[in-house]
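Undergrad: pasting the sequence and the predicted model now:
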Amino acid sequence: MSRAAVSPQTPSLNPNPNPMPTERPSMHRPALFTRTALAVCLVAALAACGKKEEAPAAAVEAPQDPLMVTVQPAMASNFKVSKLETAEIAQVQEITGRIDASEQRVSRIGAAVTGRAMEVFVDVGDNVRAGQPLARVASPELTQAQLAVLRANAASSLASRAVERARQLLQADVIGSAELQRRESELAVANAELRANTDQLRLLGMSGGDIAALRSQGTLAPATVVVSPRSGVVIERNVSQGQVTQPGDPLFTVADLDKVWVVGAVPEQAASSVEVGQSMEITVPALGGAPLTGKVVAVGATVNAETRTVGVRTEVDNTKRALKPQMLATMRISGAARKMLAVPPAAVVRENDRDNVYVKTAENKYRLTPVELGANSNGMRPLLQGPREGTEVVTEGAFHLNNERKRAELE
């Protein structure tokens with residue numbers, strides 16, 4: 001039994017004395033995968049190189065000019081093309097202006113004494129006549145001035161009677177001629193003082209009738225009256241009842257608006273082309289009627305340091321009072337006529353806040369070209385900067401041609 005337990009090991013059934021492991025064929029697979037991946041990468045790289053080489057060939061065609069427009073031959077008859085030519089152009093400068101009261105027809109009225117406004121008789125917009133009372137001002141200065149007139153009047157009367165008595169005494173041989181001369185001198189001084197004080201009352205606003213009543217009856221006027229020195233319209237009122245006034249304070253402004261100024265300003269670079277006597281056309285948008293005509297009556301002698309402009313003005317009739325001060329106006333100043341390249345307004349296209357025209361570059365092809373134009377003058381706009389003389393531009397139908405360009409751009 002024990003021999004059977006220690007019997008020798010049963011020999012292996014494999015006839016190969018050096019058997020290979022059963023997993024050996026799988027060891028060649030990673031190398032195969034590596035070679036395959038390298039081949040794929042190589043093909044991809046070659047393909048990418050081929051695409052890069054083909055890219056420039058696709059970009060040979062240049063992008064289209066967005067300012068160019070090509071129309072069908074059937075549409076060409078809708079647009080009129082003309083060559084740029086010179087024309088007699090009176091260069092027009094268009095500036096913004098306003099209506100102002102004429103300074104030669106304006107009176108600024110104030111009280112002549114320090115006092116208090118007791119009554120105000122007019123308001124802004126009222127029509128007044130020369131000598132019409134505007135306000136009444138009570139003042140202690142007026143009272144003192146009236147008392148001075150009364151004293152001077154009494155002294156003048158006393159000196160006059162003294163001279164009369166001296167003449168009688170001289171005839172009676174009671175006094176000598178020297179005494180008469182002394183009294184005549186005193187009378188001359190008293191009369192001079194009376195005239196000076198009376199003139200002072202006139203300056204303080206008292207009328208001649210009130211002064212005569214003061215000298216004859218001794219009646220003091222309690223207040224002075226502020227009167228208008230001219231006929232016109234009250235355009236300013238700076239006083240109210242009870243307000244204290246000072247000499248020199250402008251209480252009222254009265255203007256004669258039968259003629260008014262139209263004032264504006266031109267840039268200093270263009271000031272040399274504006275002269276007195278040039279014709280001017282004035283348009284007032286608030287009225288919406290036919291334009292007014294006038295002439296330049298004044299050109300400023302200095303330049304405004306802040307705006308770098310020179311003032312210009314004209315004067316126009318306003319008997320109907322349609323023009324009101326501070327109304328806005330457009331002033332078109334016409335210069336001397338001269339030959340310039342010009343285009344009709346129908347040829348101008350406003351694009352990107354600039355003036356443009358369409359220049360014909362080839363058959364049925366047009367290009368939008370920026371230009372610099374002057375103001376309209378007799379149905380033509382002078383060409384200040386742009387194409388040369390003889391260039392063909394679209395003079396009719398430019399607006400529709402521009403719409404065609406935009407439509408093509410959107411497509």
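TA: Now that the structure is in, tell me what you want to look at.
Undergrad: any idea how many residues pack against Gly218?
TA: Number of residues near Gly218 (other C-beta atoms under 10 Å) recorded here: 12. In this view, the C-beta of every residue, glycine as well, is placed from N, C-alpha and C.
Undergrad: same question, Lys406
TA: Burial of Lys406 is recorded as 12 neighbouring residues (other C-beta under 10 Å).
Undergrad: using the three-state scheme, assign it.
TA: Judged by DSSP: H, G, I helix; E, B strand; the rest coil, the three-state class of Lys406 is helix.
Undergrad: ok, Ala155 next?
TA: Here Ala155 is recorded as helix under three-state DSSP.
Undergrad: residue contacts, it?
TA: 190, 193-194 (C-beta atoms under 8 Å, 6 or more residues apart in numbering).
Undergrad: where do the strands sit along the stretch 251-400 of the chain?
TA: All strands of the stretch 251-400 of the chain, identified by DSSP state E, counting those that start in this stretch, fall at 259-267, 279-283, 292-299, 309-317, 328-343, 349-351, 354-362, 365-373, 381-385, 392-396.
Undergrad: what helix or strand is the residue most central in space within the chain on?
TA: Residue closest to the mean C-alpha point of the chain, counted by C-alpha atoms, centre = their mean, is Thr96 at 6.0 Å. Taking DSSP states H and E as the definition, Thr96 sits inside strand 85-101.
Undergrad: what's that strand packed up against?
TA: When contacts are defined as 3 or more C-beta pairs under 8 Å, 6 or more residues apart in numbering; DSSP states H and E, strand 85-101 sits against strand 259-267, strand 309-317, strand 328-343.
Undergrad: dump those strands to CSV, plus distance to Arg215, mean neighbour count and mean pLDDT.
TA: As requested, those are exported to CSV (distance: least, C-beta to C-beta, whole Å; neighbours: other C-beta atoms under 10 Å; pLDDT from 0 to 100):
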stretch, distance to Arg215, mean neighbour count, mean pLDDT
strand 259-267, 42, 20, 93
strand 309-317, 46, 19, 93
strand 328-343, 54, 18, 85
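Undergrad: save the ones you listed as CSV, and put in distance to Pro291 too.
TA: Putting the helices and strands packed on strand 85-101 into CSV (distance: least, C-beta to C-beta, whole Å) gives the following:
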stretch, distance to Pro291
strand 259-267, 11
strand 309-317, 11
strand 328-343, 8
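Undergrad: for Asp65, find the nearest of the ones you listed.
TA: Of all the helices and strands packed on strand 85-101, strand 328-343 sits nearest to Asp65, with 22.1 Å by C-beta to C-beta.
Undergrad: starting at the chain centroid, how far to the closest one?
TA: Relative to its chain's centre, strand 328-343 lies at 20 Å (C-alpha atoms, centre = their mean, to the nearest Å).
Undergrad: cool, stretch 251-268 as well?
TA: Centroid displacement of stretch 251-268 relative to its chain, using C-alpha atoms, centre = their mean, is 16 Å.
Undergrad: repeat that for stretch 134-149.
TA: In this view, stretch 134-149 has its centroid 47 Å away from the chain centroid, taken as C-alpha atoms, centre = their mean.
Undergrad: can you list the buried residues in that stretch?
TA: Using 16 or more other C-beta atoms under 10 Å as the test for burial, stretch 134-149 gives 134-139, 142, 145-146, 148-149.
Undergrad: average pLDDT across that stretch?
TA: Average pLDDT, stretch 134-149: 88.
Undergrad: again, but for stretch 208-227
TA: pLDDT averaged over stretch 208-227 gives 82.
Undergrad: run through who's touching that stretch.
TA: Under the criterion C-beta under 8 Å, 6+ apart, residues 109-113, 115, 118, 131-139, 142-143, 146-147, 149-150, 153, 198, 201-202, 204-207, 251-252 lie in contact with stretch 208-227.
Undergrad: if we go to 7 Å?
TA: Residues outside stretch 208-227 that contact it (C-beta atoms under 7 Å, 6 or more residues apart in numbering): 109, 111, 113, 118, 131-139, 142-143, 146, 149-150, 153, 198, 201, 204-206, 251.
Undergrad: check which residues of it are buried.
TA: Across stretch 208-227, burial judged by 16+ other C-beta under 10 Å covers 210-211, 214-215, 221, 223-227.
Undergrad: in strands only, show me those.
TA: Using DSSP state E, the members of the buried residues of stretch 208-227 that fall within strands are 223-227.
Undergrad: enumerate every residue touching the residue nearest to Leu328 when sequence neighbours are not counted.
TA: In space, and not counting its chain neighbours, Leu328 is closest to Arg98: 5.7 Å by C-beta to C-beta, 6 or more residues apart in numbering. By C-beta under 7 Å, 6+ apart, the residues touching Arg98 are 263, 326-329.
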